[in-house]
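Participant: Sequence and predicted structure are below.
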Amino acid sequence: MENLISIFVRSIFVDNMIFAYFLGMCSYLAVSKNVKTALGLGVAVVFVITITVPVNYLINKYLLVSGALSWLGESYNDIDLSFLSFIIFIAVIAWIVQVVEMVVEKFAPVLYNQLGIFLPLIAVNCAVMGVSLFMQEREYANVGEVTAFGFGSGIGWMLAIVGIAAIREKMSYSNVPAPLRGLGITFIVTGLMAIAFMSFLGITI
């Protein structure tokens, strides 16, 4: 249990997809103009990552890696389908995003209209794909660890976009120099937030 909490906390604060790896920056910058929209997209990203990472883990473990098909018989021991991981991971992500898009359109049409093109673009959000690739690289021991990592990574991404959205709302009342208005000051604040998150490197659980 302590290991799961450690993975969860680290994925939020230490290995934050925005502040540590700068993944998913396009949606982060474009949809962070107000908190409500940013929160809606953040929740959608959390859901997508939390579902796709365990699914991709099981596919990778039981279908793709070398020897994964041994459960079919000894003649399959040497088969390595890991070269298909990219396209399989993308297909799973696209499928989950399509489900999320239909649900949001059905039950939250206002949010669906506010998110616009950025909702289906979760499928090509490099943060979502990045979490699955990190999962593959780090070789987590079981589905529980993978789920903790995916959920924490999604929460970290949502925390980042909601945080910058709240700051940008306040900055609209500030006297920002003309050359820095818009994305200029947003990049500066993002850098400062990333430096602040570096203080969490000392966390040990």
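Facilitator: Alright, I've got the coordinates.

Participant: okay, CA-based contacts and neighbour counts for the rest of this
Facilitator: Will do.

Participant: Give me the packing partners of the lowest-mean-pLDDT helix or strand in the chain, helices and strands only.
Facilitator: Within the chain, no helix or strand scores below helix 109-115, which has a mean of 79 by mean pLDDT, DSSP states H and E. Helix 109-115 sits against helix 35-59, helix 85-107, with contacts defined as 3 or more C-alpha pairs under 8 Å, 6 or more residues apart in numbering; DSSP states H and E.

Participant: any idea of the mean pLDDT for the next helix or strand after it?
Facilitator: Proceeding N to C from helix 109-115, the next assigned helix or strand is helix 126-138, under DSSP states H and E. The pLDDT scores in helix 126-138 average 92.

Participant: Between helix 126-138 and the longest helix belonging to the chain, find me the angle.
Facilitator: Determined from DSSP state H, the single longest helix within the chain is helix 143-171. Computed by axes from the mean of the first three to the mean of the last three C-alpha atoms, to 10 degrees, the angle separating helix 143-171 from helix 126-138 equals 150 degrees.

Participant: got the contact list for the helix or strand that helix 143-171 is followed by?
Facilitator: With elements assigned by DSSP H and E, the helix or strand that comes after helix 143-171 is helix 183-197. Helix 183-197 is touched from outside by Phe13, Val14, Ile18, Phe19, Ala20, Leu29, Ile164, Arg168, Val176, with contacts defined as C-alpha atoms under 8 Å, 6 or more residues apart in numbering.

Participant: any idea of the mean pLDDT in helix 183-197?
Facilitator: Rounded mean pLDDT across helix 183-197 is 90.

Participant: which parts of it are buried?
Facilitator: By neighbour count on 16 or more other C-alpha atoms under 10 Å, the buried set for helix 183-197 is Ile185, Thr186, Thr190, Met193, Ala194, Phe197.

Participant: Give me the distance from that helix to the chain's centre.
Facilitator: 19 Å (C-alpha atoms, centre = their mean, to the nearest Å).

Participant: tell me the angle of that helix relative to helix 143-171?
Facilitator: Angle of helix 183-197 versus helix 143-171, following the same axes, to 10 degrees, is 130 degrees.

Participant: Could you export helix 183-197 as CSV, CA atoms only?
Facilitator: The C-alpha trace of helix 183-197 is given here as CSV (Å, rounded to 0.1, in the frame of the first residue of the first chain):
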residue,chain,number,x,y,z
LEU,A,183,1.1,33.3,-24.2
GLY,A,184,4.3,35.2,-23.3
ILE,A,185,3.4,35.7,-19.6
THR,A,186,1.8,32.2,-19.6
PHE,A,187,5.1,30.6,-20.5
ILE,A,188,6.9,32.6,-17.8
VAL,A,189,4.4,31.6,-15.1
THR,A,190,4.6,28.0,-16.3
GLY,A,191,8.3,28.1,-15.9
LEU,A,192,8.0,29.5,-12.4
MET,A,193,5.4,26.9,-11.5
ALA,A,194,7.8,24.2,-12.8
ILE,A,195,10.6,25.6,-10.6
ALA,A,196,8.2,25.6,-7.6
PHE,A,197,7.3,21.9,-8.2
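
Participant: Could you list the buried residues of stretch 95-114?
Facilitator: So stretch 95-114, judged by 16+ other C-alpha under 10 Å, has buried residues Ile96, Val97, Gln98, Val100, Val104, Leu111, Tyr112, Gln114.
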